[in-house]
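>>> below: sequence and its predicted model.
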4 protein chains.
Amino acid sequence: MKDYYTIKLHDTDAAGILFFAHQFSIVHDLYEKFLGSIGYGFKERFDHRDFFIPIVHAEADFNQPLTVGDTIEVALSVGRVGRTSFTLEFRLTDLDGTVVGSAITVHVTTDPATGRKIDLPESFRTKLEQAAHSRD
Amino acid sequence: MKDYYTIKLHDTDAAGILFFAHQFSIVHDLYEKFLGSIGYGFKERFDHRDFFIPIVHAEADFNQPLTVGDTIEVALSVGRVGRTSFTLEFRLTDLDGTVVGSAITVHVTTDPATGRKIDLPESFRTKLEQAAHSRD
Amino acid sequence: MKDYYTIKLHDTDAAGILFFAHQFSIVHDLYEKFLGSIGYGFKERFDHRDFFIPIVHAEADFNQPLTVGDTIEVALSVGRVGRTSFTLEFRLTDLDGTVVGSAITVHVTTDPATGRKIDLPESFRTKLEQAAHSRD
Amino acid sequence: MKDYYTIKLHDTDAAGILFFAHQFSIVHDLYEKFLGSIGYGFKERFDHRDFFIPIVHAEADFNQPLTVGDTIEVALSVGRVGRTSFTLEFRLTDLDGTVVGSAITVHVTTDPATGRKIDLPESFRTKLEQAAHSRD
C-alpha cells in the first residue's frame, strides 16, 4: 500500500528538517489507512474492544533530511506474520525515487481487558497474509 | 479553500477524542496548502527569508468530540487583511454538514533578520485580498 | 500554580520558534499537574469514568517568539467557575518577567457514557473555587 | 544522566497508552538536557551553526504500556563514539525499577552549510567520551 505525504511545518524543528520521531507518526498514518482497508480500522477496535495491536518495537533510518513542503511516497508492506505478532516495513522515497528513509514496526495482539498477548485473530491473520503476498 | 482530513490515532488522547491542541495543527495544515496555492509556500519563505508570518493570536471552538477515523471537511477563508496583519477563519464540518469546530488565527508579517513587524508585502497582500473576495 | 518549562527541539518548527499549537500543549501540562494537585488527576478520571472535562474553547496570544532552550514560567489561575463549565487562565513569562504569551481554556464536565454536559460535581467545584481564591 | 518524566495526556492516544512515536520525543528531551550539560546545547548550535547533529537511525522497545500520569525514570548513556557518529542508549524504568522501554539513537555530525558529514569536532568528541566513561 502506498500514499503520498507532504511534510508539514509542525513536522519540522528548528534545524529546518523533519524531527525524527515524526517519521514514526507519518508511517503510522499509512498503517491506519492499511488497517481500515483490510476491515480492521482503529474506530472498530475501540468500539468492539475485541483485540488491541500495540507496537512492541520500532526502528527507522533517516537517509536524507526532509524539509517543509517536500512530498514523499510512503510504502507499506507486510513482513513476517507470526503467531502473536507481525512486522510492517515502510519505505519513504522522494519523487525522484530516492529512498529518503525507512521504518519497521513490530506489533502484537493483546486482550484489551487484561493487556495480555493473544494469538492473532484468525480472520485478521488471513488479511495480513493476503496483504503480505499481494503485489500492491 | 477546503480539504478533507481524517483524525489519526496520534491526534487523539486517552479520553478517546481529538486532543484540543491538535485542532490547531490540523487547520494549520490547510493554511500551508493555501499559502502554497497563492505562491507563498513555507519552503520559499525559508529559502528567500524575505518575510516570516508568525501567528500572534489563535482561538478555537470544539463543538463535538472527534474520534480516530472521523473524516471532516476543513474550510479556510481569509478574514480581515490589515496593514501588518491578517486573519484566517477555519470551519470544521463532519460529512453530514454539522459544524464540529472552528478556529481563527491572526498572523503578522515580520523581517526574519530583526523579528520586527513589517507591512504585508504588496504582492502578498494582493493575493490575500483576492482570496478574501473569491467564493472558493 | 506555577511551573517552569524549557522549550524542546520538538516544540519548535523550521522558522526556529515555538510552533503556536504547542503552546496549548504546554499550558495543558500545567493543567494536568493542577488537576492532580486538587485530587482530580486524569488517571483517576479514566479509571473511575465518573466525569470527563473536555475543552470547548481555547485561545492564546503569542507575544514573543520562543526558541529551543528558552526557559519560561507558566502560571495557571482559575477564572470563572460556572454551573457546567469553568475557565482557566495561563500566563507565560520569561525569566526577566516579560509576558511572552498567554492562554485561556474553557472546560465543561460531561458524562463519559453519554457525552452530555453535566453540572460540575460538587466536590470538584469546591476545589476549583478554593483554587480561584487562593493566592498561589 | 537521568531524569524523571510524567506521561502527559497528549502523549497518549485513544488506546489509553503512550503513542509509540512519543517515546522517541521523550528520550530526545533528555538528550537535549545532556547536550546542554556538556556545553553543546541546541540554542548554541543554531546560533553558531558550526555543526549539526542529525539522527540517522533510531529504534525502541516498548515493554509495558504507559498511561497518563505514570512517572518514569529515563536514563541516557553514551555508547559507541566513532569518527563521524555516536550512539546514545536510553532506558526507561518505572518507579519499581522495572524496565518499561528502551531506545537507541545514532547521530552524525554535519556541516550545516552543505549538509555533508564531518568528523565529530574534537572538543565535542572529548565531552562525549568523558560522558561514556563516567558513572552518572
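In hand now; what should we look at? Numbers count the residues shown, from 1 in each chain, chains lettered A, B, ... in the order given.
>>> from here on, contacts and neighbour counts on C-alpha atoms
Will do.
>>> for chain A, which segments count as strands?
Taking DSSP state E as the test, the strands found in chain A are A:2-6, A:55-62, A:71-81, A:85-94, A:99-110, A:117-118.
>>> need those in a markdown table (columns: mean pLDDT).
Shown next, in a markdown table, are these (pLDDT from 0 to 100):
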| stretch | mean pLDDT |
| --- | --- |
| strand A:2-6 | 98 |
| strand A:55-62 | 98 |
| strand A:71-81 | 98 |
| strand A:85-94 | 98 |
| strand A:99-110 | 98 |
| strand A:117-118 | 96 |
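>>> so which of those strands comes closest to B:G82?
Closest to B:G82 of the strands of chain A, according to C-alpha to C-alpha: strand A:2-6, at 30.2 Å.
>>> buried residues of the closest one, list them for me.
Within strand A:2-6, the residues that count as buried by 16 or more other C-alpha atoms under 10 Å in any protein chain shown are A:K2, A:Y5, A:T6.
>>> equivalent analysis for stretch A:18-34, please.
Judged by neighbour count using 16+ other C-alpha under 10 Å, the buried positions of stretch A:18-34 are A:18-34.
>>> stretch A:41-61 now?
By neighbour count, with 16+ other C-alpha under 10 Å as the criterion, the buried positions of stretch A:41-61 are A:41-43, A:46, A:51-61.
>>> so which of those residues comes closest to chain C?
Taking C-alpha to the nearest C-alpha as the measure, chain C sits nearest to A:F46 out of the buried residues of stretch A:41-61, at 14.3 Å.
>>> separation between that closest one and B:V68?
To B:V68, A:F46 is 9 Å away according to C-alpha to C-alpha, to the nearest Å.
>>> list the residues that contact both of these two?
Counting by C-alpha atoms under 8 Å, 6 or more residues apart in numbering or on different chains, the contacts common to A:F46 and B:V68 are D:A14.
>>> chain A against chain D: which residues are in contact?
Neighbours of chain D within chain A, by C-alpha under 8 Å from any C-alpha of the partner chain: A:14-15, A:20-22, A:24-25, A:46, A:52, A:55-63.
>>> which ones, among those, also lie beside chain C?
Among the residues of chain A next to chain D, the ones lying near chain C by C-alpha under 8 Å from any C-alpha are A:A14, A:A15.
>>> quick one: check the longest helix seen in chain A for contact with chain B.
Ordering each helix of chain A by length in residues (DSSP state H) puts helix A:20-37 first. Yes. Helix A:20-37 comes into contact with chain B (C-alpha under 8 Å from any C-alpha), by way of A:S25, A:D29, A:E32.
>>> which single one of the residues you listed is nearest to chain D?
Nearest to chain D, judged by C-alpha to the nearest C-alpha, of these is A:S25 at 6.1 Å.
>>> name the nearest residue to A:A60, sequence neighbours excluded.
A:A103 (4.1 Å; C-alpha to C-alpha, 6 or more residues apart in numbering or on different chains).
>>> in the sheet, who's paired with the one you found?
A:A60, A:F90 (DSSP bridges).
>>> list the contacts for A:F46?
By C-alpha under 8 Å, 6+ apart, the contact set of A:F46 is D:A14, D:A15.
>>> spell out which residues of chain A are next to chain B.
Taking C-alpha under 8 Å from any C-alpha, the part of chain A that reaches chain B is made up of A:K8, A:L9, A:H10, A:S25, A:D29, A:E32, A:G41, A:F42, A:K43, A:T67, A:V68, A:G69.
>>> identify the farthest-apart pair in the residues you listed.
Maximum pairwise distance in these, criterion C-alpha to C-alpha, is 31.6 Å, between A:K43 and A:T67.
>>> ok, the spatially closest residue to A:A14 that is not a sequence neighbour to B:L35 distance?
Of all residues not flanking A:A14 in the chain, C:G16 sits nearest, at 4.2 Å (C-alpha to C-alpha, 6+ apart). Counting by C-alpha to C-alpha, the gap from C:G16 to B:L35 is 19 Å.
>>> just A:D3 next, same as before
A:D3 is 23 Å from B:L35, by C-alpha to C-alpha.
>>> now A:K117
Applying C-alpha to C-alpha, the value for A:K117 to B:L35 is 47 Å.
>>> which single residue of chain A ends up nearest chain D?
Residue nearest to chain D within chain A: A:E59 (3.9 Å; C-alpha to the nearest C-alpha).
>>> I'd guessed that residue sits against D:V56; true?
No. In this structure, A:E59 is not within contact of D:V56 by C-alpha atoms under 8 Å, at 10.8 Å.
>>> contacting residues around A:V99?
A:N63, A:R91, A:L92, A:T93.
>>> buried subset of those?
Buried residues within the contacts of A:V99, defined by neighbour count using 16+ other C-alpha under 10 Å: A:R91, A:L92, A:T93.
>>> nearest spatial neighbour of the first one, chain-adjacent residues omitted?
Leaving aside its sequence neighbours, A:R91 sits nearest to A:S102 (C-alpha to C-alpha, 6+ apart; 4.4 Å).
>>> just give me the neighbour total for the one you found.
By other C-alpha atoms under 10 Å in any protein chain shown, 22 other residues sit near A:S102.
>>> how near is it to C:T114?
For A:S102 relative to C:T114 (C-alpha to C-alpha), the value is 42 Å.
>>> now do A:H133
Taken as C-alpha to C-alpha, the span from A:H133 to C:T114 is 43 Å.
>>> what about the two, which has more around it?
Legend: neighbour count by other C-alpha under 10 Å for A:H133 and C:T114, higher for A:H133 (11 against 7).
>>> OK, contacts around the more buried one?
By C-alpha under 8 Å, 6+ apart, no residues touch A:H133.
>>> does A:R116 touch A:T110 like I think?
Yes. Applying C-alpha under 8 Å as the test, A:R116 and A:T110 come out as touching, 5.2 Å apart.
>>> who has more neighbours, these two?
More neighbours surround A:T110 than the other of A:R116 and A:T110, with 20 against 11 (other C-alpha under 10 Å).
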